[in-house]
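Peer 1: 3D model of this:
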Amino acid sequence: MWGWIPDTTSIQLLETKIVWQSKQSAACQSDYKKNGSVGGRYVFLLIAVLVSNIPDSYAQFERITDPEILGNGDQLFQENCAICHGKKAQGLVENWQVSGEDGKFPPPPLNGTAHTWHHPLNGLAHTIRNGTLEIGGSMPGWKDKLSDDDIFAIVIWISSLWPDEIYNAWMQRNVK
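Peer 2: Residues are numbered from 1 along each chain as shown. Model prediction:
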């Protein structure tokens, strides 16, 4: 279940990501292609999907490939995150699971080779927004510098680096 109320950008992400294998799927996709958004009945249907336990076999997840979102996410990542997580989100140390002398762990890779995908979108957004200092980590919070839309774009860019198997497992975490 979502721990936050999705903003417009998050709903746009989700309405483009959940493709129903039903009669309404084609109409929904057609409406999205024509208007750039999905009408009210589809948003209602989407919200119903998010708050229910839908068997995995009923939903198929596609990646966001919007060049504007991905480009913005990449740029924001390079400006704010790459210094600690690497330009390609590969991390900067080989063994990120070993704490340093200060007892803190180095920033993990975000490219699908570590645990980032284990956290749903709202969890990743919370971590970026608030950082990990209060729980003993080293990451500062970015809520004073990055908007929710910026954070969303960064997470989507990061998820674009993941293999399909990892991306699909992550999306499953977002709808349960």
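Peer 1: Give me the domain ranges for this structure.
Peer 2: 8-61, 67-175 (automatic domain parsing).
Peer 1: Where among those domains is average confidence lowest?
Peer 2: With a mean of 43, domain 8-61 has the lowest mean pLDDT of these.
Peer 1: Run through the residues that contact the nearest residue to Gly100 once chain neighbours are set aside.
Peer 2: Counting by Cβ to Cβ, 6 or more residues apart in numbering, Pro106 is the residue found nearest to Gly100 once chain neighbours are left out, at 6.6 Å. No exception for glycine: its C-beta is placed from N, CA and C like everyone else's. Residues near Pro106 by Cβ atoms under 8 Å, 6 or more residues apart in numbering: 91-93, 96, 100, 138.
Peer 1: Most neighbours among those, which one is it?
Peer 2: Most neighbours among the contacts of Pro106, by other Cβ atoms under 10 Å: Gly91, with 19 neighbours.
Peer 1: which ones are touching Val93?
Peer 2: Pro106.
Peer 1: Then Pro67?
Peer 2: Pro67 neighbours (Cβ under 8 Å, 6+ apart): none.
Peer 1: So it versus Ala169, what's the distance?
Peer 2: 25 Å (Cβ to Cβ, to the nearest Å).
Peer 1: Just give me the neighbour total for Lys145.
Peer 2: 11.
Peer 1: so what's the backbone phi/psi at it?
Peer 2: Per-residue torsions, Lys145: phi -120, psi -40 (degrees, to the nearest 10).
Peer 1: Name the nearest residue to it, ignoring sequence neighbours.
Peer 2: Asn80 (7.0 Å).
Peer 1: Pull up the gap between the one you found and Glu94, please.
Peer 2: Counting by Cβ to Cβ, the gap from Asn80 to Glu94 is 23 Å.
Peer 1: who has more neighbours, these two?
Peer 2: A side-by-side neighbour count of Asn80 and Glu94, using other Cβ under 10 Å, places Asn80 first with 18 against 8.
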